[in-house]
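Trainee: build me a model:
(chains A, B, C and D)
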Protein chains: 2
Amino acid sequence: MPSQPHKASRLKRVTLADIAARLGVTKVTVSRALNQPEKVSAAMRERVTECARELGYMPNRQAGSLASGHSRLIALLIPSLSNAVFSELHRGLEAPLAAAGYQLLIGHTGYSMQEEERLIETWLSFGIDGLVLCGSRHSPRTREMIARSGCAVVECMEKRETPLDMAVGLDQHAAGRAMTEAMIALGHRHIGFLGARMDRRVEQRLGGWRAAMEAAGLSQQALLTTDAPSSVRMGGELLDEMLTRWPETQAVFCCNDDLAAGGLFECQRRGLSVPDQLALAGFNGLEMTRGTWPPLASVVTPRREIGERAAALLLARLSGDLDATPHGLWEDLGFSLQTGGSLSS
Amino acid sequence: MPSQPHKASRLKRVTLADIAARLGVTKVTVSRALNQPEKVSAAMRERVTECARELGYMPNRQAGSLASGHSRLIALLIPSLSNAVFSELHRGLEAPLAAAGYQLLIGHTGYSMQEEERLIETWLSFGIDGLVLCGSRHSPRTREMIARSGCAVVECMEKRETPLDMAVGLDQHAAGRAMTEAMIALGHRHIGFLGARMDRRVEQRLGGWRAAMEAAGLSQQALLTTDAPSSVRMGGELLDEMLTRWPETQAVFCCNDDLAAGGLFECQRRGLSVPDQLALAGFNGLEMTRGTWPPLASVVTPRREIGERAAALLLARLSGDLDATPHGLWEDLGFSLQTGGSLSS
DNA sequence: ATGAAAGCGCTAACAG
DNA sequence: CTGTTAGCGCTTTCAT
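Mentor: Alright, predicted model coming up:
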């Protein structure tokens, strides 16, 4: 590695040894006073903490982890930084992990399996104890690295028959089907589907739409998808194209809330009244869906709860509570439908 | 630290020593073959890489960092995971840092100085080489830790007279003022300001609105702010209150695009035509502003470019190129106004 | 081009 | 309750 003149200019680092020397004890005692306070005398504890503060001691956790074999670090890999779904997953994870003394790291994969692999390699080489992944598609090398490392892992968001270890989420196919059936129940026959950023979860939602349409004997013609990133703007463009190609469309199921919001704006541009002239629904039930006009119908997914359960599973695995958390575990946290608003008045 | 039965079950880790033993050479040679390939014979290089692959060797970077004193790790601390502004900042940072062999970590502060402090402590104890912060408000302890560590640091987004070291962003006050002046130039007299999540940047934008209003001799009465998080829904609620309390309002400057989007929906709910009956503007110029109807006027901030410059400054500092990047450097990357749409037809 | 020795800062295991 | 002894896995010197 190259030299680093910048770092060279820093003050010499304060170490355990410095404190030990100043106090006339050994490093071990200082380490104990700091990390297992109950194992030293109250007086010692006092002197050490005082001296540490005075010298501005900051532990070197690389050394600590290297020696102990664990880091109390857990990494969360999210596909997108700007998708509120993942920020709520994060929120659910953070509190329980912090309470148990674990620090949560965030990594950004940009929906790329290859980037996921790179990140996991880096994290593992830095000794993380646990890993939270979104989805169930991973490269072979990713699987192998995780297996070798023995790192605890939980996969989030989507149903998975054979998890790497544990998984928690919801059945995206069933959710897509349920919303479509709700639309059919409202009497709509021409129901379109808009999808962007076609990852596995979106494909499963689409599968649900297909299943419901087929079961009802309806045409699956009005379908528009793109691999491009999802956005409000994309929602407007896709809806524009759909209404142009299939003017008979009565209702549109968008694969997420951003797309649906864009659809609302497009209706406004065209002077279409929602839901009277066109019904719209999104997916996820983000906070935003209650800020639009009309309020956006959506499939509400328990993102926060998924994070909380994922944290609990991880902690159970890390504490060795194996029986309570069998390998291959899959927890389905379900979903609910938020109707009314853009779906029916 | 507690025992970890889970980890105990893993296969023994493959180390440099294992490869060395298998090849009948020393660890140093293996290390060199892997990290400074030009320093060993081509034959050796070949044998080592081959054997490493075969055994599934994965370097332990904790050990590496501990020994070498640097980690090639750079941490980015963002206030919010769901704000697209920060995801674009991240995008700007990532490529140049990766190209230079650095790995970018993300931390989430939730707009809390205390959480920022906690995260920085963790990162520093894990030996990061660089730090990218948003904003200029940091706890005294944060400042001290950074100073002691000698870690390179750059502060992003807002203007700062006395940076910790380097800073890059834009003058939020000037931007707020410019947009307000544009509204005044359109002939509006009753111009309101809506603000949520009142952090320093939002306060600076508000200051810009005040300055412009004062200079024009206009009333600063129509002002509504909240410390609650910003959201589309909040935008609608705030606008509702504003129009109720100050029905004469002709134009509203929202502190960000989410709020403004909520404002658009609120206008729709009230049957107000934008911009004819009410003009609206947001801040940041997110992609979304081109997906609304009408398109949202906004102050376009160079988030991506800020990330790119921040990366360049950090790399310059880390490579010891001190002269080219003086301490205390402040780079203003400016802004531009996106008008039309929701502001004027 | 390769090796030997020393150590990064900390913790584990066992003594006393 | 405190100390001793040994590393964790890697990267430095400095030799050869």
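Trainee: quick one: A:Thr225 is in a strand?
Mentor: Yes: assessed with DSSP: H, G, I helix; E, B strand; the rest coil, A:Thr225 lies in a strand.
Trainee: and the nearest residue to it once chain neighbours are set aside, helix, strand or coil?
Mentor: Spatial nearest neighbour of A:Thr225, chain neighbours left out: A:Gly195 (3.9 Å); criterion: Cβ to Cβ, 6 or more residues apart in numbering or on different chains. Any C-beta I mention is one placed from the backbone N, CA and C, and that applies to glycine too. Look at A:Gly195: counting by three-state DSSP, its state is strand.
Trainee: tell me the contacts of A:Gly195?
Mentor: By Cβ atoms under 8 Å, 6 or more residues apart in numbering or on different chains, A:Gly195 lies in contact with A:Val202, A:Arg205, A:Leu206, A:Leu223, A:Leu224, A:Thr225, A:Thr226, A:Cys254, A:Cys255, A:Leu259.
Trainee: per-residue confidence at it?
Mentor: Per-residue pLDDT puts A:Gly195 at 98.
Trainee: buried subset of the contacts of A:Gly195?
Mentor: In these, burial by neighbour count holds for A:Val202, A:Arg205, A:Leu206, A:Leu223, A:Leu224, A:Thr225, A:Cys254, A:Cys255, A:Leu259, counting by 16 or more other Cβ atoms under 10 Å in any protein chain shown.
Trainee: next to DNA strand D, which bits of chain A? Give me the list.
Mentor: Proximity of chain A to DNA strand D (Cβ under 7 Å from any atom of the strand) is limited to residues A:1, A:24-29, A:32, A:39-41, A:43-44, A:63, A:66-67.
Trainee: any of those residues buried? List them.
Mentor: By 16+ other Cβ under 10 Å, the residues of chain A next to DNA strand D give A:Val25, A:Thr29, A:Arg32, A:Val40, A:Met44, A:Ala63, A:Leu66 as buried.
Trainee: where does the first one sit: helix, strand or coil?
Mentor: Secondary structure for A:Val25, judged by three-state DSSP, is coil.
Trainee: OK, contacts around the residue lying closest to A:His70 once chain neighbours are set aside?
Mentor: Of all residues not flanking A:His70 in the chain, A:Asp129 sits nearest, at 5.1 Å (Cβ to Cβ, 6+ apart). Under the criterion of Cβ under 8 Å, 6+ apart, the neighbours of A:Asp129 are A:His70, A:Ser71, A:Arg72, A:Leu73, A:Ile74, A:Tyr102, A:Cys151, A:Ala152, A:Leu318, B:Gln4, B:Lys7.
Trainee: most neighbours among those residues, which one?
Mentor: Neighbour tally across the contacts of A:Asp129 (other Cβ atoms under 10 Å in any protein chain shown): the maximum, 28 neighbours, falls on A:Ile74.
Trainee: so what's that residue bridging to?
Mentor: For A:Ile74, the beta-bridge partners under DSSP bridges are A:Leu104, A:Gly130.
Trainee: just the buried ones among the residues of chain A next to DNA strand D now: which is nearest A:Gln338?
Mentor: Using Cβ to Cβ, A:Leu66 is the member of those that lies nearest A:Gln338, at 49.4 Å.
Trainee: who are the packing partners of the strand or helix carrying the closest one?
Mentor: Using DSSP states H and E, A:Leu66 sits in helix A:61-68. In terms of contacts (3 or more Cβ pairs under 8 Å, 6 or more residues apart in numbering or on different chains; DSSP states H and E), helix A:61-68 is packed against helix B:61-68, helix B:113-125.
Trainee: rerun that using 10 Å as the cut-off
Mentor: helix A:27-35, helix B:61-68, helix B:113-125 (3 or more Cβ pairs under 10 Å, 6 or more residues apart in numbering or on different chains; DSSP states H and E).
Trainee: ok, and what's touching it?
Mentor: With Cβ atoms under 10 Å, 6 or more residues apart in numbering or on different chains as the test, helix A:61-68 has contacts from A:15-16, A:31, A:35, A:60, A:70-73, A:103, A:126-129, B:1, B:4, B:60-67, B:71, B:121-127.
Trainee: now it: how far from the chain's centre is it?
Mentor: 28 Å (Cα atoms, centre = their mean, to the nearest Å).
Trainee: that helix versus helix A:27-35: what angle between them?
Mentor: Calculated by axes from the mean of the first three to the mean of the last three Cα atoms, to 10 degrees, helix A:61-68 forms an angle of 110 degrees with helix A:27-35.
Trainee: show the average pLDDT along helix A:61-68.
Mentor: For helix A:61-68, mean pLDDT rounds to 96.
Trainee: and the closest residue in space to A:Arg270 that isn't next to it in sequence, what does it touch?
Mentor: Nearest residue to A:Arg270, sequence neighbours excluded (Cβ to Cβ, 6+ apart): A:Leu243, at 7.2 Å. Contact analysis of A:Leu243 by Cβ under 10 Å, 6+ apart lists A:Gly192, A:Ala222, A:Thr249, A:Val252, A:Gly263, A:Glu266, A:Cys267, A:Arg270, A:Leu272, A:Leu278.
Trainee: please list only the buried members of those.
Mentor: A:Gly192, A:Ala222, A:Thr249, A:Val252, A:Gly263, A:Glu266, A:Cys267, A:Leu272, A:Leu278.
Trainee: about what we covered before: redo the helices and strands packed on helix A:61-68 as CSV? Include distance to B:Met234.
Mentor: What follows is the helices and strands packed on helix A:61-68, written out as CSV (distance: least, Cβ to Cβ, whole Å):
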stretch, distance to B:Met234
helix A:27-35, 44
helix B:61-68, 43
helix B:113-125, 22
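Trainee: I'd say A:Pro247 and A:Glu241 touch.
Mentor: No: at 11.6 Å, A:Pro247 does not count as touching A:Glu241 under the criterion of Cβ atoms under 10 Å.
Trainee: neighbour count winner among these two?
Mentor: Set A:Pro247 next to A:Glu241 and count neighbours by other Cβ under 10 Å: A:Glu241 wins out with 14 against 8.
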